[in-house]
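# Next comes the sequence, and after it the predicted model I'd like to discuss.
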Amino acid sequence: MFDEMDLYGFEDFEDSQKLSLINEAYLDLVTREPWPFMERAQAFTVPSGTSQLTSDGVFGLVNATNTHTLSYSTGQVQNNVVSEYRVGSVLSFTDLTNNIVLVPERGDVIEKNYKTLNATYNPTRYYFIGDELFVFPEFPGDTSVRLYYTQTPVGTTVAEDTGVFLVPARHHSLIVYGALIKAFLVNDDPQAALFQNMYESRYQQMRNDVWMRQYDRPDTVHVVTDSYDWTY
């Protein structure tokens, strides 16, 4: 990506400056829409007594007898963490052991209406406080769950390490275009407007490629309403 920026006349920029512009362009791109490439599904075991699933927006898994087990039973990362996953938004949260689909709830509603209960049943609600994911009540026993969520994107710290970018490699040129726009703006170069148009055109190509994954039948529109909206 540095070489591509050099081709457009920015060889005088420091590598640290280029890296900053590339990271900004990447984060601008992935936060525009809930892209399919940001989705992830992970099954793991939650230890008994756990109510907080993330720490600093991340849940860590350890490998125990060839299964993944949550390592945040106290909200702290253990030394034997195998993998860490960043949770942006939850798409689905399922208790596989008890066949329960957890329902999303606002954190303040949990505080006002549920925390006063001495609940001993399996969790039925999940909620966020800041970036942290919780369930109510806590898991009464070791429980297998499946979390389907969008990942929180992070930038790269090494120019050559584009593997952290969630954007498919075939669309990395769009990140470069975004970085070039910012670089031209730094120099007050009118070519920024030209590259902005190129960026938007390339962006639409990426949308068409990423969002449409099947053509064998029409998409189904599911209408979901809240029970409070029902009339009797």
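Looks like it arrived, so ask away.
# Report the mean confidence score over stretch 126-140.
When pLDDT is averaged over stretch 126-140, the result is 93.
# what comes into contact with it?
Here stretch 126-140 makes contact (Cβ atoms under 8 Å, 6 or more residues apart in numbering) with 46-57, 59, 87, 90, 93, 102-107, 109-110, 114-115, 117, 119-125. C-beta coordinates here come from the backbone N, C-alpha and C atoms, glycine included.
# so how far is that stretch off the chain centroid?
A distance of 17 Å separates the centroid of the chain from that of stretch 126-140, by Cα atoms, centre = their mean, to the nearest Å.
# Return the members of the contacts of stretch 126-140 classed as buried.
Among those, those classed as buried by 16 or more other Cβ atoms under 10 Å are 46-47, 50-55, 59, 87, 90, 93, 102, 105, 110, 122-125.
# Now intersect the residues you listed with the strands, please.
V46, F59, V87, V90, F93, R125 (DSSP state E).
# Can you lay out those residues as JSON lines showing distance to L166?
JSON lines is the format used below for these (distance: Cβ to Cβ, whole Å):
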{"residue": "V46", "distance to L166": "25"}
{"residue": "F59", "distance to L166": "17"}
{"residue": "V87", "distance to L166": "14"}
{"residue": "V90", "distance to L166": "17"}
{"residue": "F93", "distance to L166": "21"}
{"residue": "R125", "distance to L166": "29"}
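# Of these, which is the nearest to T31?
V87 (15.1 Å; Cβ to Cβ).
# Just the element for the closest residue to that closest one other than its chain neighbours, please.
Spatial nearest neighbour of V87, chain neighbours left out: Y149 (5.1 Å); criterion: Cβ to Cβ, 6 or more residues apart in numbering. If you go by DSSP states H and E, Y149 is part of strand 143-151.
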